[in-house]
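Engineer: build me a model:
(one chain, ligands or ions: 1)
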Amino acid sequence: VGELPFSPAAERNRGPILAVLQAQLPARARVLELASGTGQHAEHFAAAEPGWDWQPSEHPAALATLNLRLLRLDLPNLRPARALDVADRGAWPPPGFDAVYAANLAHIAAWSAVEAMFAGVAGVLQPAGRFCLYGPFHRDGQPTSPGNAAFDAQLRDPGNPAGTHQGVRDDRALFALAAAHGLACIADVAMPANNRTLVFQGHGDACPC
Ligand SMILES: C[S@@+](CC[C@H](N)C(=O)[O-])C[C@H]1O[C@@H](n2cnc3c(N)ncnc32)[C@H](O)[C@@H]1O
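Structural biologist: Numbers count the residues shown, from 1 in each chain. Just a heads-up that it's a prediction; the model follows:
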């Protein structure tokens with residue numbers, strides 16, 4: 001696997017994330033993954049849950065890298081990756097997904113793209129569908145650990161080669177954005193390394209987050 005795109009973090013977190021998805025999603029579900037990256041999550045989750053019809057996606061600029069891994073796989077429930085820049089309203093697939101999943105996207109994409117992401121998610125989810133968003137998030141405006149504070153500072157540093165649009169997002173801002181699109185946070189699951197999985201659902205119960 002030496003030539004394949006590989007993320008050590010994705011290898012570490014795929015087990016804990018899978019456990020959350022298994023708890024939050026039905027055994028049979030159409031799932032749209034945003035920002036599939038190296039494809040390690042798509043591979044691991046589709047292999048573990050044959051009842052999940054898994055649709056990976058990536059920004060067009062990173063699709064070829066993702067396909068380096070995915071095109072080698074032969075999993076009947078893993079669909080070919082599709083190009084999806086979450087900021088491009090016209091690029092989203094038609095509705096009908098039981099779940100949308102995204103890991104480590106909200107702090108990488110610009111805030112305007114995060115806004116577009118929630119609009120896109122609300123547009124593709126079935127009425128009771130769920131959106132599982134994994135990553136580091138500030139809690140009520142504060143970093144949840146010194147490590148996340150340092151990571152946020154690094155992302156926002158004017159010298160960040162990716163630009164100045166990145167940053168760890170605040171959960172309250174995400175909850176407000178979700179609410180504007182008819183989604184409520186129904187679970188806030190603590191994950192290793194001070195990450196969290198936020199689970200959103202349309203017409204959800206009162207937010208315990
Ligand atoms: C830190 S990586 C996370 C990859 C993978 N989800 C994981 O957790 O290992 C961030 C990913 O976001 C993707 N990305 C950035 N901006 C995007 C956008 N506007 N639309 C879709 N994907 C985007 C990048 O191409 C990259 O693969």
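Engineer: excluding residues flanking it in the chain, which one is nearest A187?
Structural biologist: Closest residue to A187 apart from its sequence neighbours, by Cβ to Cβ, 6 or more residues apart in numbering: V199 at 4.0 Å. In this view, the C-beta of every residue, glycine as well, is placed from N, C-alpha and C.
Engineer: now do the SS call for that neighbour.
Structural biologist: strand (DSSP: H, G, I helix; E, B strand; the rest coil).
Engineer: list the beta-bridge partners for it.
Structural biologist: C132, A187 (DSSP bridges).
Engineer: wait, it sits on M191?
Structural biologist: No. Counting by Cβ atoms under 8 Å, V199 does not reach M191; the two are 11.9 Å apart.
Engineer: looking at this structure, which residue is nearest the ligand?
Structural biologist: Nearest residue of the chain to the ligand (Cβ to the nearest ligand atom) works out as G37 at 2.5 Å.
Engineer: what helix or strand does the residue nearest to the spatial centre of the chain sit in?
Structural biologist: The structure's the chain has its C-alpha centroid closest to A102; by Cα atoms, centre = their mean the separation is 0.9 Å. Per DSSP states H and E, A102 falls inside strand 97-103.
Engineer: run through who's touching the helix or strand that that strand is followed by.
Structural biologist: Per DSSP H and E, the first helix or strand lying C-terminal to strand 97-103 is helix 111-124. Outside helix 111-124, the residues that touch it by Cβ atoms under 8 Å, 6 or more residues apart in numbering are 32, 34, 85-89, 92-97, 100, 102, 105-106, 109, 131, 165, 167, 169, 174, 177-178, 180-183, 200, 202.
Engineer: buried set for helix 111-124?
Structural biologist: Using 16 or more other Cβ atoms under 10 Å as the test for burial, helix 111-124 gives 113-118, 120-122, 124.
Engineer: same question, stretch 56-65
Structural biologist: Within stretch 56-65, the residues that qualify as buried are 56-59, 62-63, counting by 16+ other Cβ under 10 Å.
Engineer: off-centre distance for that stretch?
Structural biologist: Distance of stretch 56-65 from the chain centroid (Cα atoms, centre = their mean, to the nearest Å) equals 14 Å.
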